[in-house]
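Colleague: Predicted model follows, preceded by the sequence.
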Amino acid sequence: MEIESVRVESSVWVGKKRFRALLSGWYFSWTELDKKNREKKTISVPIGEVVAVAEGRVEIQPQKKAEDTDRDFTLFYVKRRSSGGRIWTLGRTQFCCPSRDLRDQWVAQLKTALKTHCSSRPHRLLVFINPYGGKKRGKEIYLSLVAPLFELAGISSHVVVTERANQARDHILKKDLTGFDGVICVGGDGMFSELLHGVIGRTQQEAGISEHDPTVMLQPCDLHIGIIPAGSTDCVCFATVGVNDPVTSALHIVIGDSQPLDVCSVHHQSTLVRYSVSLVGYGFYGDVLAESERHRWMGPLRYDYSGCLVYLCNRSYRGIVQYLPADPQISSPRDSTRCLSGCRVCSESTERLFPHSDSCSSLYSRQLSQYSIESEGEWISVEGRFRCVSLTCISSSCPRSPKGLSPSAHLADGTGDLILVRDTNPLGFLTYLHRHTTTQDQFDLPFVEVHRVKAVRFSLPPDGDYDDEEREQSISEVLEDPEKLCESDIEFSKDGSQQYLAERQKEQEMKDERKKREFFCGPCCSKPPAVSVWNCDGEILPYTEISCRFKYF
Ligand SMILES: Nc1ncnc2c1ncn2[C@@H]1O[C@H](COP(=O)(O)OP(=O)(O)OP(=O)(O)O)[C@@H](O)[C@H]1O
C-alpha cells in the first residue's frame, strides 16, 4: 500500500472537545470543531515525528500507567518547546473514538504509517554510561529521562555502565556488535570521543585499512553514534543539536535523525594520534586543559578556575603553522552563515566530495576526491608567536559560548577552521576571549586570523630557541597528571609510548619540586614553558609537532 494514498478520517474527542482527525500522506492532524461543525484550530504532526501510538489511555511520566479502555488511543510525538523550537519534549494526546472498531483502525493505520515512513529508526542500541562524567548524573539521566522514551518507541537497549576510561572504545573495537543499529554515549565530549575512536577504528579494522597512514583512504562508518549530554561542556551535542537537553537528544535518536560530521585526524609523523571533532588547540586551550586536570575535584568549575589562572600567566608560544586553504568560493569562516541540518553548503560539499554517494560502488570515487587534497592548491605557511592556535571542525558552541569558537563552521563539508591568535597584550586577549560570550565578532581584531582549511601542519621553529630536552621538559611541566594521556594515545603511539614512559620518571621528580614552588605563588610565578601542549577534544596529546586533515563522515 502506498503511504501517500492512505487517508483515514473520523470524528474523535480529546477531553470534552470534538475534533476531526485525519491521517493523510505524511501527516496526522486533528482539527477542533465547534457545535456548528465549524473548524477551529488544527494541530498537525508529521508521521516522522510520531514516537509511538498505543491503545488505551497511556502515560509514561511521572510513571508508566496504562488504562486499556475500548475506544481510546494515545499518540506520543515530538513537541517543540522553546529556544526557536530546538528544545523538544514528548507530546501526548489521548483520543476517544466513536467505536472500538474505529479505534482499532486508527491504531493499525498509524502503526503502518510509522513502519512505512520511518525505516531509518533504530531498533536496538548499545548504550554506554559514564557514571563519573559532568555532575555524575549519567545513570540517573538515562534511567529517568531516556530509557522510558526508548521503551515507549519499542527500542531495546543493552546498557554498559563504564568502570574505566576507554572501556566503551575497547568494547566497540573488540566485541560482536551484530544486531545493533547504533551506539549511544551518556556522558560528555570525552565519552563521545571514545565512541568515535571505537566506531572509526572498528570500521577501518574490518576494511583492513591502517589508520596510521596519513594518506590512507578511510572507510565511511555505518554505525551511528548518539549523544545523551551528561558531561561538563557537551560541546559536540550543543553544536549539532542546538541544546544540551537529554530528552531532546533522546527524541532525535528515537525518530532516527542523523547528521554527518567532519572529523579531524591528527597524526604525528606516520602515527595516528587521535581523531577530533570539536577542538584541537595549542597554547591557551592546551594550558587550560593541563591546569584543569589538576583540579578535577572541582567538577565543571575547574575550567573557569584554570582559565583565569592560565590567563594570568600571559603566555604565548612560537610555532610554524602551515595550512591548505579550502575553496573560498564555496564558503568562508567570516560569511555569517549558521550551519544547521539541511545546510546548503554541506549538501553541495557532499555532492562535490562524493559525486555518486547513492551507490556502494561510489566508495572509490568518494575517497579519491576526498584525499586528492595534496593536488588541490598550495600550502601557506605562517610563523610567529601565538597566544593560541585552534582548529575546529564544527562551531564548537556550548551554552557558555552560544556562537562558539568559529560560528560559521560547517558540520559536514570536509573542511575545518583554523584560528590563529597572535601574541598581544593581556587586554587584547581578554577582549578576544570575552567576545566568545557575546554577539561581537571575535575575528574582528587585528591580532586574530581565521582560515577555512582542508589540512594543517604545526611545527616548532628550528632556530635553536629551545632544544629537544627543553621541549620534553616543557611537555612534562604542563602534564601534571600523566594518567591523562589516555591508553589510546599510548596504543596509537608506538614510539611515543617509549618517550612517555621516560618522561614519567622525570615528571615525578619535577612534580615535588614544582609543588613546593606553586604552594607559595601559583603557576604564574614558575618559569614559563617554551612549548605548550595540544588539547584534542579534552585530551592532552603527547606530541607538539602534528599534522591534521579534515575528513567527512
Ligand atoms: N568509569 C569511568 N571511570 C573513569 N573515567 C571514565 C569512565 N568512563 C569514562 N571515562 C572517561 O572520562 C572522561 C571524561 O568523561 P566525559 O566526557 O563523559 O565527562 P566530562 O569530562 O565531565 O565532560 P566534557 O568532556 O563534556 O567536559 C572521558 O575521557 C572517558 O574516557
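Modeller: Happy to help now that I have it.

Colleague: which stretches of the stretch 301-450 of the chain form strands?
Modeller: Per DSSP state E, counting those that start in this stretch, the stretch 301-450 of the chain carries strands over the ranges 317-325, 380-392, 416-422, 448-459.

Colleague: the inter-axis angle of the shortest one versus strand 380-392?
Modeller: Regarding strand 416-422 and strand 380-392, their directions subtend 110 degrees when assessed with axes from the mean of the first three to the mean of the last three C-alpha atoms, to 10 degrees.

Colleague: Report the secondary structure element holding the closest residue to the ligand within the stretch 201-350 of the chain.
Modeller: Of all residues in the stretch 201-350 of the chain, G231 sits closest to the ligand, at 2.7 Å by C-beta to the nearest ligand atom. From N, CA and C alone the C-beta is placed, and that goes for glycine too. For G231, there is no enclosing helix or strand under DSSP states H and E.

Colleague: Same check on N535?
Modeller: N535 belongs to strand 534-536, assigned by DSSP H and E.

Colleague: Give me the helices and strands touching that strand, please.
Modeller: On a contact count with 3 or more C-beta pairs under 8 Å, 6 or more residues apart in numbering; DSSP states H and E, strand 534-536 meets strand 271-276, strand 280-283, helix 284-292.

Colleague: hmm, who's touching the last one?
Modeller: Counting by C-beta atoms under 8 Å, 6 or more residues apart in numbering, the neighbours of helix 284-292 from elsewhere in the structure are 279, 302-303, 305-307, 309-311, 313, 315, 387-388, 390, 421, 429, 478-480, 523, 532-535, 538, 540.

Colleague: do the same with the second one
Modeller: Identification of contacts with strand 280-283 by C-beta under 8 Å, 6+ apart yields 264, 266, 315-317, 319, 386-392, 421, 458, 532-537, 544, 546, 548.

Colleague: For this protein, which residues are neighbours of the ligand?
Modeller: Contact residues (C-beta under 6 Å from any ligand atom) of the chain with the ligand: 130-134, 162-166, 187-191, 194, 231-234, 538.

Colleague: so what's the nearest residue in space to W88 that is not next to it in sequence up against?
Modeller: Leaving out its chain neighbours, the residue that sits closest to W88 by C-beta to C-beta, 6 or more residues apart in numbering is T248, at 4.2 Å. Contacts for T248 (C-beta under 8 Å, 6+ apart) come out as 86-88, 241.

Colleague: repeat for V254
Modeller: 51, 121-122, 149-150, 153, 155.

Colleague: Neighbour-wise, give me the winner out of those.
Modeller: Among the contacts of V254, the one with the most neighbours (other C-beta atoms under 10 Å) is V51, at 24 neighbours.

Colleague: got any ranges where the stretch 251-400 of the chain has weak pLDDT?
Modeller: 340-345, 347-376 (pLDDT under 70).

Colleague: Which residues does the residue nearest to I380 when sequence neighbours are not counted form beta bridges with?
Modeller: The spatially closest residue to I380, leaving aside those adjacent along the chain, is Y323, at 5.7 Å (C-beta to C-beta, 6+ apart). Bridge pairing for Y323 (DSSP bridges) gives the partners I380, V456.

Colleague: what about Y323, neighbour count?
Modeller: Neighbours around Y323, by other C-beta under 10 Å: 22.

Colleague: Just give me the residue closest to the centre of the protein.
Modeller: Central residue of the chain (C-alpha atoms, centre = their mean): V236, 2.6 Å from the mean position.

Colleague: For that one, what are phi and psi?
Modeller: Per-residue torsions, V236: phi -70, psi -40 (degrees, to the nearest 10).

Colleague: The nearest residue to it once chain neighbours are set aside and F128, how far apart?
Modeller: Of all residues not flanking V236 in the chain, F192 sits nearest, at 5.0 Å (C-beta to C-beta, 6+ apart). Distance of F192 to F128, given as C-beta to C-beta, to the nearest Å: 10 Å.

Colleague: Also E293?
Modeller: To F128, E293 is 22 Å away according to C-beta to C-beta.

Colleague: Please apply the same query to R318.
Modeller: Using C-beta to C-beta, R318 is found at 40 Å from F128.

Colleague: and those two? which has more neighbours close in?
Modeller: Ranked by neighbour count (other C-beta under 10 Å), R318 and F128 place F128 first, with 26 against 16.

Colleague: How about the contacts made by the residue of the stretch 401-550 of the chain found nearest the ligand?
Modeller: Closest approach between the stretch 401-550 of the chain and the ligand, counting by C-beta to the nearest ligand atom: G538, at 4.7 Å. Applying C-beta under 8 Å, 6+ apart, we find G538 in contact with 188-190, 193, 233, 289.

Colleague: Compare those residues and tell me which is most surrounded.
Modeller: Tallying neighbours with other C-beta under 10 Å puts D189 at the head of the contacts of G538, with 29 neighbours.

Colleague: List the residues that contact whichever residue of the chain sits closest to the ligand.
Modeller: In the chain, the residue that lies nearest the ligand is G188 (2.2 Å; C-beta to the nearest ligand atom). Shown in contact with G188 (C-beta under 8 Å, 6+ apart): 130, 133-134, 229-234, 538.

Colleague: neighbouring contacts of the strand or helix carrying V186?
Modeller: Assigned by DSSP H and E, V186 belongs to strand 182-187. Residues from elsewhere that reach strand 182-187, judged by C-beta under 8 Å, 6+ apart: 122, 125-130, 133-134, 138-139, 141-142, 146, 157, 168, 172, 177, 191-192, 194-195, 198-199, 223-228, 230-231, 253.
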